[in-house]
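Chemist: with the input below, show me the fold.
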Amino acid sequence: MLSPPLATRFTPGGEAIAYPSLNTTVMPVMVGRQKGRRRRISAAHRSHLAQAIWVVLLLQGCTRSPSLNVLGAYFPDWLFCIVGAVAVTVLIRLLLVRASLDEWLDPPAIAYPALVALLAFAGWLLFF
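Modeler: Model prediction:
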């Protein structure tokens, strides 16, 4: 007895399903990748993938010059972040002195520069 010709369809997951092309009640037969089975990636392939990811991440900084035009002169963005961070740190210090909580940040020679750095980095991430 001759079997009916088989047709092949691909599921959204990339699996090939062979089934009889005539209208029959035969269940589809799985061909190719089995359902639920994960494909293993070789070590060489992972190495190439990791290198490609590093290249993409490192080239993100090459998009444009991080500077702002102020009255025709270009200033780097980090300069504005540091100036803003120093201003906000001075305001925080004044508020802490007014509330008599300035002794919480001890020693001030380490606490306030660290606060300036924290605010500068946060400003850089938020605005640039």
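
Chemist: could you use CA atoms for every contact and neighbour count after this?
Modeler: OK.

Chemist: show me the shaky parts of the protein.
Modeler: By pLDDT under 70, the weakly predicted segments of the chain are 1-14, 16-39, 61-65.

Chemist: walk me through the domains of it.
Modeler: 1-35, 66-127 (automatic domain parsing).

Chemist: between the two ends of the last one, what distance do you get?
Modeler: Chord length of domain 66-127, first to last residue, is 12 Å (Cα to Cα, to the nearest Å).

Chemist: alpha carbons of the helix ranked longest in the chain, as CSV, please.
Modeler: As assigned by DSSP state H, the longest helix anywhere in the chain is helix 77-98. Output in CSV follows, covering the C-alpha atoms of helix 77-98 (Å, rounded to 0.1, in the frame of the first residue of the first chain):
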residue,chain,number,x,y,z
ASP,A,77,29.0,67.3,30.3
TRP,A,78,30.8,66.0,33.3
LEU,A,79,31.7,69.6,34.2
PHE,A,80,28.1,70.5,34.6
CYS,A,81,27.5,67.4,36.6
ILE,A,82,30.2,68.3,39.1
VAL,A,83,29.2,71.9,39.4
GLY,A,84,25.6,70.9,40.0
ALA,A,85,26.7,68.2,42.5
VAL,A,86,28.8,70.7,44.5
ALA,A,87,25.8,73.2,44.6
VAL,A,88,23.4,70.5,45.8
THR,A,89,26.0,69.3,48.4
VAL,A,90,26.3,72.8,49.7
LEU,A,91,22.5,73.0,50.0
ILE,A,92,22.4,69.6,51.8
ARG,A,93,25.1,70.8,54.2
LEU,A,94,23.2,74.0,55.0
LEU,A,95,20.0,72.0,55.6
LEU,A,96,21.9,69.6,57.9
VAL,A,97,23.5,72.4,59.9
ARG,A,98,20.2,74.1,60.2
